[in-house]
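Visitor: quick one, what's the 3D model for this:
(one chain, ligands or ions: 3)
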Amino acid sequence: MQLSLLNQLRQENPVVLNISNFVTVQDVANGLNALGASPIMSEEINETKEMVHISDAVALNLGAFSEEQVKHIRKMGQEANRAFKPVVLDPVAVGAIDYRLQVAKELLDEIDVAVIRGNAGEIAALAGADWTSKGIDAGQGQGDLVEIAQQAAQKFHTIVLLSGADDIITDGKRVTIVHNGTPLFAAHVGSGDMLSSIVAAFCAVDPAGVYEATRVAATVFARIGELAVGDQSTMGPGTFTVNLLDQLQLAQLEQIKQNIKFEEA
Ligand SMILES: Nc1ncnc2c1ncn2[C@@H]1O[C@H](COP(=O)(O)OP(=O)(O)O)[C@@H](O)[C@H]1O
Ligand SMILES: Cc1ncsc1CCOP(=O)(O)O
Ligand SMILES: [Mg+2]
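Guide: Numbering: from 1, shown residues only. Ligands and ions are numbered 1, 2, ... in the order given. Okay, here's the model as predicted:
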């Protein structure tokens, strides 16, 4: 795995344009910034073309959209496609709310999305698989998550990153499973949104290799979570959040490379 993309990212400092949600916007901005990317957020549709022009990748988060924001998301995605800037979509809670699923599917029809990053419930809903989601969380189901991720990737002609205790990255055929990470990620609202924007940052560094960029992003983020926990046996989400932000900036490639656990299929 080309983990050295992290150093390239830190050198290039790519601009990542985000449609965020009001819950996690600061996690996303600070997470990108600490890692070595340059975040910018936008809520004004009239600046879309210029915004995309100055950006290297776009992350579209469906966490708290309104009808107005959907127009903005559509325009931003299509503008990014015209400018050949990679687009990452985070379909927050589409497994729990049918209306969200419908909007996400429409956007996927209208925008050429490079990567969909979601939890099991979200990716299962997009794939049309049997699964019970719970709000923004993954929920529960019996299906094989690798097959579900592959189905979603094939259906939408995109790379899928299905995150959770294991992260599954697939283009529909190739599969990488990353076992690194910490359950404390799930105790912090915004972990998934941070990851989606970080995927966009890695795609900006290597737009020709979206699959590689996505699996590197997942691995780097998971290892940084582990480094944030360190050897402390008890830690709560408060300390984890602070340490995560610190490690996003401080963690060096050599530390990240230690103890990588992934398999390829
Ligand atoms: N139980 C877990 N163990 C290890 N890592 C986890 C666990 N749950 C989530 N993560 C990690 O948290 C990050 C966010 O993923 P996830 O929780 O699936 O997203 P979301 O917040 O959108 O539901 C990913 O890096 C994922 O690997
Ligand atoms: C709580 C909440 N409600 C709407 S968006 C959102 C944040 C979701 O963040 P994440 O998917 O990263 O946990
Ligand atoms: Mg999420």
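Visitor: what sits against Ser20?
Guide: By C-beta atoms under 8 Å, 6 or more residues apart in numbering, the contact set of Ser20 is 28-29, 41, 61, 63, 193. The C-beta positions use only the backbone N, C-alpha and C, and glycine is treated the same way.
Visitor: how about the residues of this protein near ligand 3?
Guide: Residues of the chain lying close to ligand 3 by C-beta under 5 Å from the ion are 92, 192.
Visitor: so how far is ligand 1 from the most centrally placed residue in the chain?
Guide: In the chain, the residue lying closest to the centroid (C-alpha atoms, centre = their mean) is Ser196, at 1.6 Å. For Ser196, the distance to ligand 1 (C-beta to the nearest ligand atom, to the nearest Å) stands at 8 Å.
Visitor: show me what contacts that residue?
Guide: By C-beta under 8 Å, 6+ apart, the contact set of Ser196 is 59, 61, 88-90, 117.
Visitor: check Val160 too.
Guide: Taking C-beta under 8 Å, 6+ apart, one finds 115-118, 123, 149-150, 152-153, 168-172 in contact with Val160.
Visitor: quick check: phi and psi at the closest residue to ligand 1 within the stretch 51-200 of the chain.
Guide: Residue nearest to ligand 1 within the stretch 51-200 of the chain: Gly192 (2.1 Å; C-beta to the nearest ligand atom). Backbone torsions of Gly192, given as degrees, to the nearest 10, read phi -60, psi -40.
Visitor: can you count the residues close to the residue lying closest to Ser163 once chain neighbours are set aside?
Guide: Excluding its sequence neighbours, the residue lying closest to Ser163 (C-beta to C-beta, 6 or more residues apart in numbering) is Asn119, at 5.7 Å. When counting by other C-beta atoms under 10 Å, one arrives at 24 neighbours for Asn119.
Visitor: you'd agree Asn119 is up against Asp193?
Guide: No - applying C-beta atoms under 8 Å as the test, Asn119 and Asp193 come out as separate, 11.2 Å apart.
Visitor: measure Leu3 to ligand 1 for me?
Guide: Taking C-beta to the nearest ligand atom, one finds Leu3 at 15 Å from ligand 1.
Visitor: list, one by one, the residues from the stretch 151-265 of the chain near ligand 1.
Guide: The stretch 151-265 of the chain comes close to ligand 1 at residues 163-165, 167, 181-183, 185-186, 191-192, 195, 221-222, as judged by C-beta under 6 Å from any ligand atom.
Visitor: spit out the contact partners of the residue nearest to Ser163.
Guide: Asn119 touches 137-138, 162-164, 192, counting by C-beta under 8 Å, 6+ apart.
Visitor: report the buried members of the contacts of Ser20.
Guide: Burial by neighbour count, 16 or more other C-beta atoms under 10 Å: within the contacts of Ser20 this picks out 28-29, 61, 63, 193.
Visitor: each with direction, which strands does the one helix or strand Pro39 maps to pair with?
Guide: Per DSSP states H and E: Pro39 is located in strand 38-41. In the sheet, strand 38-41 lines up against strand 15-19 (parallel) (DSSP bridges).
Visitor: need the CA coordinates for the strand it pairs with. PDB is fine.
Guide: Extracted C-alpha coordinates of strand 15-19, given in PDB (Å, rounded to 0.1, in the frame of the first residue of the first chain):
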ATOM      1  CA  VAL A  15      -7.500  22.400  -1.000                       C
ATOM      2  CA  VAL A  16     -10.600  20.300  -0.100                       C
ATOM      3  CA  LEU A  17     -14.000  22.000  -0.700                       C
ATOM      4  CA  ASN A  18     -16.700  20.700   1.600                       C
ATOM      5  CA  ILE A  19     -20.400  20.700   1.800                       C
END
